[in-house]
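Trainee: When you get a sec, could you give me coordinates for this:
(one chain, ligands or ions: 1)
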Amino acid sequence: MANILITQHIGGAGVQMLREARHHVTYRDKTEPMGQAELQTAVRHAEGLVCLLTDRVDTAVFDAAPQLKMIANVAVGYDNIDVRAATARGILVSNTPDVLTEATADHAFALLLALARRLPEADAYMRAGKYEKFEMFPPLLGLDVYGKTLGIVGMGRIGAAVARRGALGFGMKVLYTANSVKTAVEQELGAQKVTFPQLLHQSDFVSINVPLTPETYHLFTLDTFRQMKPTACLINTARGPIIKEDDLLVALRQGTIWGAALDVFEAEPEMTPGLADYHDRLLLAPHLGSATGETRRKMVETAVSNLLAGLAGQTPPNALNAEQLV
Ligand code: GLV
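Mentor: A predicted model of the protein is given here:
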């Protein structure tokens, strides 16, 4: 039996799984993160921690939690956790890959289509009673998607799932950047590995699917946008700080690129000033990539299963640092 802290609301099923395994669970059933001081106090006796991407788990948290053995992040991204520091202290960390791949790719593609065909603007137009006549060239002309070039920045699991939708569903040519050649995707989809500048120059739609790291922080600045087509659309379902939002606003206002769809934000949930006021061809969503009921429940189940395995002395299926710990 171990002491487990669940930092935020995860639904009853995950809590029950832990309690059925006879662990002592402290469940903070709230929908916002604790402040850092509160987290440091709450974690004091924890051996296991279930946290969300909005919890910052850093060395100060580790200092406050001398008994901590394992952290199960209920997210695939784990830039909220200092994994290197956790490893140095022998603390296991896990994430929730795979179960959210398809839902997140669906969302990226939904954003792409909605942006290209201007659906949020169209909806607002209808509700404002502006549809008075059919026009051959209406004010809300969109962009073709079928047969266009899709650039995937980061051909991991989610990037490949977005690419599959583009290539197989929409006849798109797929370009990608990655640290290594992705032979399976190249064979399946005819995808082509290119340099980042080549991807920017040639793509009609650019989907960001890299994790947030020091290398990808502000990967998209005004300089980047200037290398894109003026008709290009940018879709970000990864992490907000990969885009310098002030620069994106300049690029949109100046027509440097055609449009952008953002599911994640630089200072989430705060909005960069000006972002929410800019309506034309900027689509905003509140970090909904994996947000279907089914997928979110699977994420919780995956995180809890990982934690149970780790606390039982097994290697959790989605451990991020198990090899470094042995
Ligand atoms: C969501 O952003 C996740 O990393 O799971």
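
Trainee: pull the helix or strand with minimum mean pLDDT from this structure.
Mentor: Least confident element among the helices and strands of the chain, by mean pLDDT, DSSP states H and E: helix 322-325 (a mean of 90).

Trainee: May I see the buried residues of that helix?
Mentor: For helix 322-325, burial by neighbour count (16 or more other CB atoms under 10 Å) applies to Ala322. Backbone N, C-alpha and C define where each C-beta goes, glycine included.

Trainee: now stretch 295-302
Mentor: The neighbour-count check on stretch 295-302 (16+ other CB under 10 Å) flags Thr295, Arg296, Lys298, Met299, Val300, Glu301, Thr302 as buried.

Trainee: Quick one: name the residues of the stretch 51-200 of the chain near the ligand.
Mentor: Residues of the stretch 51-200 of the chain lying close to the ligand (CB under 6 Å from any ligand atom) are Leu53, Ala75, Val76, Gly77, Leu100.

Trainee: Name the member of the residues you listed that has the highest neighbour count.
Mentor: Leu100 (25 neighbours; other CB atoms under 10 Å).

Trainee: Who are the contact partners of the nearest residue to it once chain neighbours are set aside?
Mentor: Nearest non-adjacent residue to Leu100, counting by CB to CB, 6 or more residues apart in numbering: Ser290, 3.8 Å away. Contacts for Ser290 (CB atoms under 8 Å, 6 or more residues apart in numbering) come out as Val76, Leu100, Ala103, Thr104, His107, Arg296, Met299.

Trainee: Ser290 and Thr101: what is the separation?
Mentor: For Ser290, the distance to Thr101 equals 9 Å [CB to CB, to the nearest Å].

Trainee: Please apply the same query to Leu143.
Mentor: Separation of Leu143 from Thr101 (CB to CB): 26 Å.

Trainee: Pick the one among the buried residues of stretch 295-302 closest to His218.
Mentor: The closest of those to His218 turns out to be Met299 (CB to CB; 28.0 Å).

Trainee: these two touch, right, that closest one and Ala75?
Mentor: Yes. Met299 lies in contact with Ala75 (CB atoms under 8 Å); the separation is 7.3 Å.

Trainee: re the thing from before, wait, is the residue nearest to Leu100 part of a helix?
Mentor: No. Using DSSP: H, G, I helix; E, B strand; the rest coil, the assignment for Ser290 is coil, not a helix.

Trainee: Report pLDDT for it.
Mentor: At Ser290, the model reports a pLDDT of 98.

Trainee: cool, and Val326?
Mentor: Val326 is assigned 67 on the pLDDT scale.

Trainee: relative to its centroid, which residue of the chain is most remote?
Mentor: Within the chain, Lys133 marks the point farthest from the mean C-alpha position, 40.1 Å out by CA atoms, centre = their mean.

Trainee: On the three-state scheme, that one is what?
Mentor: Put simply, Lys133 is coil when judged by three-state DSSP.

Trainee: ditto for Ala251
Mentor: Here Ala251 takes the helix state, with states given by three-state DSSP.

Trainee: how about the nearest residue to Ala309 once chain neighbours are set aside, phi and psi?
Mentor: Nearest residue to Ala309, sequence neighbours excluded (CB to CB, 6+ apart): Pro316, at 4.4 Å. Main-chain torsions, Pro316, degrees, to the nearest 10: phi -60, psi 140.

Trainee: For Pro316, grab the count of nearby residues.
Mentor: The number of residues packed near Pro316 is 23, by other CB under 10 Å.

Trainee: Can you list the low-confidence ranges for the chain?
Mentor: For the chain, applying pLDDT under 70 flags the ranges 326.

Trainee: Domain boundaries for it, per the record?
Mentor: With domains defined by automatic domain parsing, the chain comprises 3-99+293-325, 101-284.
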